[in-house]
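A predicted structure for the sequence below; I have some questions about it.
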Amino acid sequence: MLRPKCHAAFFLSAVFLFPPVAASQAWVPEKGEGTVSLSLQDNFVKNHLGADGQRIDVGHIRTFIALQDIDYGITNKLAIDVSIPFVLSKYYGPRPHQLPVDDGKYHGNWQDFRMSLRYNLRTRPLMITPFVALGVPSNDYIYFAHSAAGTQQREYVIGCSFLRNLESILPRSYVQGAYLFLTPQQVMGIRTYRSRVDSDLGYFVTNRVAIRALASLQIGHAGYQVGDPPADLGDFPVRIPSNIKWYHHDQTSKISYLNLGGSASLGLTKSWSVFVAAFTTVWGRNGHALELGEVVGLSWSFRTPWAKPPALADPTTEADPANPTKAPTHVH
């Protein structure tokens, strides 16, 4: 695989929540090396999604997210990733869930602290990296609101990612995929198990420039259906804040979606890179339809005293497009 000196963006987020993104990548940094990333995301939701995929306009949601992420190689095969997003969101429309959170003004809060561990089992010809991850709410934020920072639930994730180069088909390209099984905290006797498949088709235009096609499919296995309002109210016939079932509907709904997008990245130096990405929801049920999500970010690669000295580093870590066995650049 290629390892050009750039950092491609990998943003396959569930609409507002940030699943363990770095956990779903196959590449693992070498011992003592890591990457610090800061990304800014702008999401616009125009419609909610009914139980059969109907798009329902009950007000719009604008959300800005700042995500801080650190990915670090504990050994040459084991990596840890930690992140936490700050969410600034507002809802403007005729049906607020709760005031003052849905009063048409921006409200901000830290969301969930996330940590993941991934272990690279093999590198060639197919890279295989299983992982586990945990998400824990960072504070007691409000979850019953269109513009809530999150769902205020712990989340456990297990999965495995796979990566292979496509040198025989298209030089300087690769394909990556990951399967994740997500288990959120139980609420009112409901645990909304979900499966997610992330895919990534990348091409290195040069050693510093990369472009990527991204897709993320989530299938909800359990939970309530929101129906097709206003005629069909599904499993939530009483939609007032005092109704306990409706109050927890964001935590108990059976949410599915398909997000598609693309990204590009530019390596400014050996240590610094910038990236951009855009994505949209093309299908979904029981959640929010992302009209457009845009991301810009900056990442910095670092070495600690525990890293292998550059003079002793494996020569296959240097950029060499002719060598198909090298790992790809770090992705977020």
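Nice, I can see it. Nothing here was measured: the structure is a model prediction, and the numbers come from that model.

Counting by contacts, list what whichever strand or helix holds residue 264 packs against.
When elements are assigned from DSSP states H and E, residue 264 belongs to strand 256-267. Contacting strand 256-267 under the criterion 3 or more Cβ pairs under 8 Å, 6 or more residues apart in numbering; DSSP states H and E are the following elements: strand 209-220, strand 272-285, strand 288-303. Placement of C-beta: from N, CA and C, glycine included.

Within its sheet, name the partner strands of that strand and how each one runs.
Using DSSP bridges, the strands paired with strand 256-267 are strand 209-220 (antiparallel), strand 272-285 (antiparallel).

So for residue 41, which of those strands sits nearest?
Closest to residue 41 of the strands paired with strand 256-267, according to Cβ to Cβ: strand 272-285, at 8.6 Å.

got the buried residues for the closest one?
Buried residues in strand 272-285, defined by neighbour count with 16 or more other Cβ atoms under 10 Å: 273-279, 281, 284-285.

same thing with stretch 300-314?
Counting neighbours by 16+ other Cβ under 10 Å, one finds that the buried residues in stretch 300-314 are 301, 303, 307.

Am I right that the second one is in contact with residue 30?
No: counting by Cβ atoms under 8 Å, residue 303 does not reach residue 30; the two are 9.1 Å apart.

Tell me which of the strands paired with strand 256-267 lies nearest to residue 96.
Closest to residue 96 of the strands paired with strand 256-267, according to Cβ to Cβ: strand 272-285, at 22.1 Å.

Could you tell me the angle between the closest one and strand 288-303?
In terms of direction (axes from the mean of the first three to the mean of the last three Cα atoms, to 10 degrees), strand 272-285 departs from strand 288-303 by 160 degrees.

Strand 272-285 - what's its average pLDDT?
Per-region confidence: strand 272-285 scores 96 on mean pLDDT.

chain center to that strand: distance?
Distance of strand 272-285 from its chain centroid, counting by Cα atoms, centre = their mean, to the nearest Å, is 9 Å.

Equivalent analysis for stretch 284-296, please.
Its chain's average C-alpha position is 12 Å from that of stretch 284-296, according to Cα atoms, centre = their mean.

what comes up buried for that stretch?
284-290, 293, 295.

give me the element residue 130 is part of.
Judged by DSSP H and E, residue 130 forms part of strand 127-137.

Which elements pack onto that strand?
Strand 127-137 packs on strand 112-119, strand 155-165, going by 3+ Cβ pairs under 8 Å, 6+ apart.

Give me the contact list for it.
Residues from elsewhere that reach strand 127-137, judged by Cβ atoms under 8 Å, 6 or more residues apart in numbering: 1, 19-20, 23-28, 111-122, 150, 152-164, 327.

Could you do stretch 109-118 as well?
Stretch 109-118 is contacted by residues 17-20, 22-23, 25, 28, 78-87, 129-139, 141-142, 149-150, 155, 157, 161 when judged by Cβ under 8 Å, 6+ apart.

what about this structure, any weak spots by pLDDT?
1-23, 311-332 (pLDDT under 70).

ok now do the nearest residue to residue 29 once chain neighbours are set aside, which residues does it touch?
Closest residue in space to residue 29, ignoring its immediate chain neighbours: residue 73 at 3.7 Å, by Cβ to Cβ, 6 or more residues apart in numbering. Neighbouring residues of residue 73 by Cβ under 8 Å, 6+ apart: 28-34, 79.

between those residues, which is closest to residue 225?
Nearest to residue 225, judged by Cβ to Cβ, of these is residue 79 at 38.4 Å.

how deep is that closest one tucked in, by neighbour count?
Burial of residue 79 is recorded as 28 neighbouring residues (other Cβ atoms under 10 Å).

Spell out the secondary structure type for it.
Using DSSP: H, G, I helix; E, B strand; the rest coil, the structure places residue 79 in strand.
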